[in-house]
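Chemist: Can you look at this prediction? I've put the sequence above it.
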Amino acid sequence: LSSPKTSYEFLNCWNGLRDVNERAHYLRLIPTKNLKSVFKTVPDADVFSNILEALTVVASGSSSAPVSGVEAEPAKPKPKRAIVYLKKIAASRRFDMAVMLLSKTDQQAVRDILSKSSNVEDAAVLAKK
């Protein structure tokens, strides 16, 4: 896996990933500087839901995907990174529409990610969106 630079590259790889752990691993590969170009618009509802699920794993560090068939060490929790991803996605086009269509499960995923943030300002900014 390599870091995508465009939304096309992201979706092309994302759709081939098998589970939430692989998706969380893939998200961890994307440098924050590339997020604006990768998430120009919010992905469709299913992909956005999968991203939220994977960001929950990133924030909690609860699992790590095997790389090249070798079990990886458990990933460290990265709640700040998950918050940065949420902020970048929140700044993309169509985010308001995506938020209106969030399922209860997706809403809970956002709350779980925000609850892991020690920065109250981060949580407050995203909660207003």
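Modeler: Alright, I've got the coordinates.

Chemist: and for the longest helix seen in the chain, what are the contacting residues?
Modeler: Longest helix in the chain, counting residues (DSSP state H): helix 45-60. Here helix 45-60 makes contact (Cβ atoms under 8 Å, 6 or more residues apart in numbering) with 11, 14, 20-21, 23-24, 26-28, 42-43, 63, 75, 77-79, 81-83, 85-86, 89, 98, 101, 103, 105-106, 109-110, 112-113, 116. No exception for glycine: its C-beta is placed from N, CA and C like everyone else's.

Chemist: any idea of the mean pLDDT in the next helix or strand after it?
Modeler: In the C-terminal direction, the helix or strand that comes right after helix 45-60 (DSSP states H and E) is helix 79-90. Averaged across helix 79-90, the pLDDT comes to 91.

Chemist: Can you pull out the residues in contact with the helix or strand that comes right after helix 79-90?
Modeler: Helices and strands here follow DSSP H and E; after helix 79-90, the next one along the chain is helix 95-100. Helix 95-100 has contacts (Cβ under 8 Å, 6+ apart) with 42, 45, 48, 89, 129.

Chemist: which pair in the residues you listed spans the largest distance?
Modeler: Longest distance between any two of the contacts of helix 95-100 is 16.7 Å, between 45 and 129; criterion Cβ to Cβ.

Chemist: excluding its backbone neighbours, what's nearest residue 34?
Modeler: residue 5 (5.9 Å; Cβ to Cβ, 6 or more residues apart in numbering).

Chemist: so who does that neighbour touch?
Modeler: 34, 37, 38.

Chemist: Can you tell me which of those are buried?
Modeler: When the contacts of residue 5 are checked for burial by 16 or more other Cβ atoms under 10 Å, the buried set is 34, 38.

Chemist: Helices - which of the contacts of residue 5 land there?
Modeler: Per DSSP H, the contacts of residue 5 map to helices at 37, 38.

Chemist: That'll do, ta.
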